[in-house]
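Chemist: Fold the following, please.
(one chain, ligands or ions: 2)
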Amino acid sequence: MSSSSNDELLQLRGVGVKFREQLNELGIHYTHDLLLHLPYRYEDRTRLTEIGSLTPGMRVLVNGKIEYANVVFGRRRSLIVVLNDGTGLIYLRFFYFNQAQQQAYKAGGHLRCFGEVRAGYKGLEMVHPSCQRISSRQMHRIEQQTLTPVYPSSSSIKQHRWLQLTDQALKLLNEDQLQLRELLPEAIRKQFRLPVLQAALQVLHRPPVDADLQAILERRHPAQRRVILEELMAHHLAMKRLNLQLQKLAAPVQTNQRLWLQMLQQLPFQLTAAQRRVIKEISADLARSKPMLRLLQGDVGSGKTLVAAAAAAVALASALQVAIVAPTELLAEQHLHTMQQLFQPLGVPVVWLTGRITGKKRAAALAQIAAGQCLVIGTHALMQEAVQFHQLGLVIVDEQHRFGVGQRLALRDKGSGDQLRPHQLIMTATPIPRTLAMTAYAGLAVSIIDELPPGRKPVTTVVISSDRRDQVMQRLAEACASGRQAYWVCTIIEESEQLIAQAAEQTTESLRQALPGLSIDMVHGRLKSADKERIMQRFRDGLVQLLVATTVIEVGVDVPNASLMVIDNAERLGLAQLHQLRGRVGRGSEASSCVLLYQAPLGEMARARLQTMRASNDGFYIAEQDLQLRGAGEVLGTRQTGIQQLRIADLSKDHGLLDQAIALADAINEKAPRAETALIQRWIGDAASYGEV
Ligand code: ADP
Ligand code: MG
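Modeler: Ligands and ions are numbered 1, 2, ... in the order given. Below is the predicted model:
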């Protein structure tokens with residue numbers, strides 16, 4: 001980001017350096033970004049409602065004369081104001097108020113207020129309405145012509161500031177001073193029935209009184225459709241461009257099957273037909289001189305790791321290096337363990353590199369990576385500038401949806417000096433609906449493992465209230481006594497690693513007390529790598545019967561003898577996460593079960609999620625349900641498409657528009673290719689520079 005363009009916001013009235021920082025945190029870096037930050041609801045402050053006609057639940061504008069105003073000391077100190085407009089009385093109640101308010105709200109004066117009407121002790125009331133002092137002459141004259149927007153915000157930015165800012169930005173928009181010029185040719189707008197951008201933004205920020213609010217709330221207003229489509233299109237264009245540029249680069253041709261055939265002979269099982277098919281698809285890509293960009297998708301437990309090993313074996317046999325990158329240390333360790341078993345017998349050195357490897361060990365690892373043929377496994381530390389590969393031929397990224405696009409691109413740039421770029425294989429267990437994949441990963445080839453290894457038994461899932469926790473623990477103890485192993489997964493609302501670790505420690509302690517005969521241990525993110533690895537090894541060896549874990553075990557952990565899982569406070573987790581977690585059991589020949597313990601009372605959404613889990617083991621079905629269920633009541637900052645940062649579009653709600661967005665992108669590409677760069681810049685901003693390889 002160039003600092004001068006970021007200065008743009010400082011030109012606005014009321015924006016200083018500190019406020020700019022708060023805006024930056026919400027992704028607002030330029031003035032035009034303000035107008036791409038849309039309200040999430042609107043209030044009608046254009047009409048006055050008579051106090052005498054109010055009923056609880058209404059959100060309305062009223063005005064009246066102050067009959068009474070006083071600070072009262074009840075259970076809480078509060079400022080009470082009684083307003084009368086000649087048709088009735090309403091109480092205004094303020095728990096937080098300042099000196100100025102107290103002085104301004106004096107009996108005899110006039111106030112105009114907007115708020116929600118509730119039934120109070122003494123009659124109807126409004127708690128913390130927004131108020132404006134008016135003169136008696138203004139009593140029935142309303143200047144407000146448009147609906148009042150309410151913006152998603154952080155706690156530090158008040159609504160009136162958003163109004164001030166967007167007022168200024170809209171003025172600049174009308175003077176054509178912002179980076180929001182109409183970029184779609186009229187013919188294309190007509191073809192897709194799209195309003196002009198400026199008009200669309202004007203409507204969304206300041207809807208006229210007669211606007212179809214219902215349509216806006218349901219995301220089907222033409223003005224919304226206009227901006228959502230433009231954003232989705234911009235992402236599609238950016239991904240396409242990225243992939244096109246990738247295609248212009250050269251990659252090392254890799255065809256040597258020697259190591260793979262050797263490995264295949266040592267496997268204790270046959271490949272599934274699906275594994276054979278995708279290995280063929282990947283091998284064909286590796287044999288080409290263009291960089292592969294392929295998404296490998298397969299449900300939890302479908303055997304993606306072995307497919308990755310096959311690809312790695314081909315690259316390594318061709319005297320190239322391979323990097324396997326995982327999002328968490330635990331998952332990286334799991335890969336290290338599996339890959340060592342597969343590759344060390346073949347004489348391939350396996351190098352371990354994470355952010356925690358420091359000092360001499362790090363220097364040694366870096367030297368080995370710079371020197372020659374090896375398989376490097378690690379976390380995103382691998383993507384840092386300082387890591388220089390000798391001849392990187394293939395990058396395998398696991399669980400891509402946890403990485404930002406930027407990180408993926410950084411790794412791509414780790415090509416060798418002679419301009420050859422590595423092939424890329426991205427593995428994910430999260431099924432991505434097809435149209436969505438086309439937008440978010442435009443141009444990516446997709447391989448799907450649609451078959452589980454034979455003999456897998458579906459996991460039986462039960463949903464149990466934590467009132468019956470003791471019973472669950474008893475059953476757990478019996479199962480472990482008969483030789484089974486189990487996970488106990490702790491969840492916690494707070495995101496702090498420290499609190500999560502504490503919760504795991506407490507749970508472990510109480511389980512140890514309740515089940516003294518059992519060998520219990522725990523893993524969480526704050527343990528040292530060596531300790532984590534030691535405990536996991538003891539669990540794999542059957543020395544630990546019950547493993548208490550945080551959601552760090554969510555991805556990748558593979559202990560086939562573990563056939564029982566209890567997820568504590570399962571109602572806190574999303575469907576994708578629950579499915580991932582449950583995928584840790586049901587990997588062996590034993591029938592497995594999963595207990596979802598919940599804390600009553602269950603909300604509607606949580607109930608629907610747990611029911612979905614009980615009903616199905618199918619990742620595709622669960623992902624679809626997830627898409628349907630999500631979306632209600634989102635708060636800024638918690639939006640998680642898992643794929644890319646979208647500002648306005650929301651894939652859980654707008655996936656119906658994806659086909660049109662792709663058609664629109666094609667139309668632009670064909671008829672107005674010069675608009676592409678500006679569109680990408682507008683929506684994706686500086687991330688768009690990734691288009692320049
Ligand atoms: P995921 O797709 O979730 O990464 P893994 O690659 O971890 O799945 O495989 C899950 C388990 O299945 C591992 O224990 C692995 O050794 C085993 N496995 C993989 N392929 C086969 C197969 N064709 N037949 C039997 N077991 C297999
Ligand atoms: Mg895996």
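Chemist: that's a strand at residue 448, yeah?
Modeler: Yes - counting by DSSP: H, G, I helix; E, B strand; the rest coil, residue 448 is found in a strand.
Chemist: Now do residue 261: how many residues are near it, please.
Modeler: Neighbour count of residue 261, defined by other Cβ atoms under 10 Å: 11. Yep, even glycine has a C-beta here, placed from its N, CA and C like the rest.
Chemist: State the helix or strand in which it lies.
Modeler: helix 258-266 (DSSP states H and E).
Chemist: Tell me the buried residues in that helix?
Modeler: 259-260, 263-264 (16 or more other Cβ atoms under 10 Å).
Chemist: now the following helix or strand past that helix against helix 258-266, angle please.
Modeler: For helix 258-266, the succeeding helix or strand toward the C-terminus, using DSSP H and E, is helix 273-286. Put simply, helix 273-286 runs at 170 degrees to helix 258-266, going by axes from the mean of the first three to the mean of the last three Cα atoms, to 10 degrees.
Chemist: coming back round to it: quickly check: the helix holding residue 261 near ligand 1 or not.
Modeler: No - Helix 258-266 stays clear of ligand 1 (Cβ under 6 Å from any ligand atom), getting no nearer than 10.9 Å.
Chemist: Could you give the average pLDDT over that helix?
Modeler: If you average the pLDDT over helix 258-266, you get 95.
Chemist: in the helix or strand hosting residue 367, what's buried?
Modeler: In this structure, residue 367 sits in helix 359-371 according to DSSP H and E. Neighbour-count burial for helix 359-371, counted by 16+ other Cβ under 10 Å, picks out 362, 365-366, 368-369.
Chemist: Stretch 332-348 too?
Modeler: Using 16+ other Cβ under 10 Å as the burial criterion, the residues of stretch 332-348 that qualify are 332-339, 342-343, 348.
Chemist: In strands, which of those residues fall?
Modeler: Judged by DSSP state E, strands contain none of those.
Chemist: that older thread, list of residues touching the helix holding residue 367?
Modeler: For helix 359-371, contacts defined as Cβ atoms under 8 Å, 6 or more residues apart in numbering pick out 321, 349, 351-353, 357, 374, 376, 386-390.
Chemist: Also within reach of ligand 1: list those from these.
Modeler: Under the cut-off given by Cβ under 6 Å from any ligand atom, ligand 1 has nothing from those close to it.
Chemist: and the two most separated of those residues?
Modeler: The two members of these with the most space between them (Cβ to Cβ) are 349 and 386, at 20.1 Å.
Chemist: higher neighbour count, those two?
Modeler: Taking neighbours as other Cβ under 10 Å, residue 349 and residue 386 compare with residue 349 leading, 14 against 7.
Chemist: wait, what's in contact with the residue in the stretch 451-600 of the chain that ligand 1 sits nearest to?
Modeler: Here the stretch 451-600 of the chain gets closest to ligand 1 at one residue, residue 453, 3.3 Å apart by Cβ to the nearest ligand atom. Taking Cβ under 8 Å, 6+ apart, we find residue 453 in contact with 269, 272, 301-303.
Chemist: what's the answer for residue 378, then?
Modeler: Residues in contact with residue 378 (Cβ under 8 Å, 6+ apart) are 323-326, 332, 352-354, 357.
Chemist: Then residue 188?
Modeler: Residue 188 makes contact with 194, 664, 667-668, 671-672, according to Cβ under 8 Å, 6+ apart.
Chemist: hang on, the earlier thing: take the buried residues of helix 359-371 and lay them out in a markdown table including distance to residue 14.
Modeler: Below are the buried residues of helix 359-371 laid out as a markdown table (distance: Cβ to Cβ, whole Å):
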| residue | distance to residue 14 |
| --- | --- |
| 362 | 48 |
| 365 | 51 |
| 366 | 49 |
| 368 | 56 |
| 369 | 51 |
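Chemist: what about the closest residue to residue 470 other than its chain neighbours, how many residues close to it?
Modeler: Using Cβ to Cβ, 6 or more residues apart in numbering and skipping the chain neighbours, the partner closest in space to residue 470 is residue 514 (7.9 Å). By the measure other Cβ under 10 Å, the count of residues near residue 514 is 15.
Chemist: Touching, residue 514 and residue 473? I think so.
Modeler: Yes - at 5.6 Å, residue 514 counts as touching residue 473 under the criterion of Cβ atoms under 8 Å.
Chemist: What ranges does the stretch 151-300 of the chain have for its helices?
Modeler: Counting by DSSP state H, counting those that start in this stretch, the segments of the stretch 151-300 of the chain that form helices are 159-174, 186-191, 197-205, 213-217, 222-247, 258-266, 273-286.
Chemist: And for the stretch 351-500 of the chain?
Modeler: 359-371, 405-412, 434-440, 469-481, 497-514.
Chemist: Break the protein into its domains for me.
Modeler: 3-42+149-230, 47-143, 258-449, 460-616 (automatic domain parsing).
Chemist: rank those by pLDDT, which is bottom?
Modeler: In terms of average pLDDT, domain 258-449 trails the rest of the domains of the chain, at a mean of 83.
Chemist: Quickly name whichever of the buried residues of helix 258-266 is closest to ligand 1.
Modeler: Of all those, ligand 1 sits closest to residue 264, with 10.9 Å by Cβ to the nearest ligand atom.
Chemist: any idea how far the closest one is from residue 348?
Modeler: Using Cβ to Cβ, to the nearest Å, residue 264 is found at 15 Å from residue 348.
Chemist: can you list the residues of this protein near ligand 1?
Modeler: 269-272, 275, 298, 300-306, 429, 453, 558, 560, 587.
Chemist: what's in contact with stretch 471-478?
Modeler: Contact with stretch 471-478 is made by 464, 486, 488, 511, 514-515, 517-518, 546, 564, 566, 595, 597, as judged by Cβ under 8 Å, 6+ apart.
Chemist: what's the most distant pair in these?
Modeler: Largest separation among the contacts of stretch 471-478 by Cβ to Cβ: 464 and 517, giving 22.5 Å.
Chemist: Look at the two and report which has more neighbours.
Modeler: Neighbour totals were compared for residue 464 and residue 517, and residue 464 leads with 16 against 8 (other Cβ under 10 Å).
Chemist: circling back: the helices of the stretch 351-500 of the chain: which one's closest to residue 10?
Modeler: That would be helix 405-412 among those, by Cβ to Cβ, at 26.1 Å.
Chemist: circling back to that earlier point, give me the subset of the contacts of residue 378 lying in strands.
Modeler: Per DSSP E, the contacts of residue 378 map to strands at 323-325, 352-353.
Chemist: Tabulate those (a markdown table), appending neighbour count.
Modeler: Formatted as a markdown table, the ones in strands among the contacts of residue 378 follow (neighbours: other Cβ atoms under 10 Å):
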| residue | neighbour count |
| --- | --- |
| 323 | 28 |
| 324 | 26 |
| 325 | 27 |
| 352 | 17 |
| 353 | 23 |
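Chemist: right, and out of the residues you listed, which lies closest to residue 522?
Modeler: residue 352 (23.2 Å).
Chemist: close enough to count as contact, that closest one and residue 335?
Modeler: No - contact between residue 352 and residue 335 fails when scored by Cβ under 8 Å: they sit 9.9 Å apart.
Chemist: What is the subsequent helix or strand relative to the strand ranked longest in the chain?
Modeler: Secondary structure of the chain read by DSSP E shows that its longest strand is strand 59-73. Per DSSP H and E, strand 59-73 leads on to strand 77-84 as the next helix or strand towards the C-terminus.
Chemist: Between strand 59-73 and that following strand, find me the angle.
Modeler: 130 degrees.
Chemist: The helix holding residue 261: how far from the chain's middle?
Modeler: Relative to its chain's centre, helix 258-266 lies at 39 Å (Cα atoms, centre = their mean, to the nearest Å).
Chemist: Residues in contact with that helix: which ones?
Modeler: 271, 309-310, 313-314, 316-317, 342-343, 345-346, 348.
Chemist: Restricted to helices, list the residues you listed.
Modeler: When helices are assigned by DSSP state H, the members of those inside them are 309-310, 313-314, 316-317, 342-343.
Chemist: What are the neighbouring residues in contact with residue 462?
Modeler: Residue 462 makes contact with 593-596, 614, according to Cβ under 8 Å, 6+ apart.
Chemist: Okay then, goodbye and thanks.
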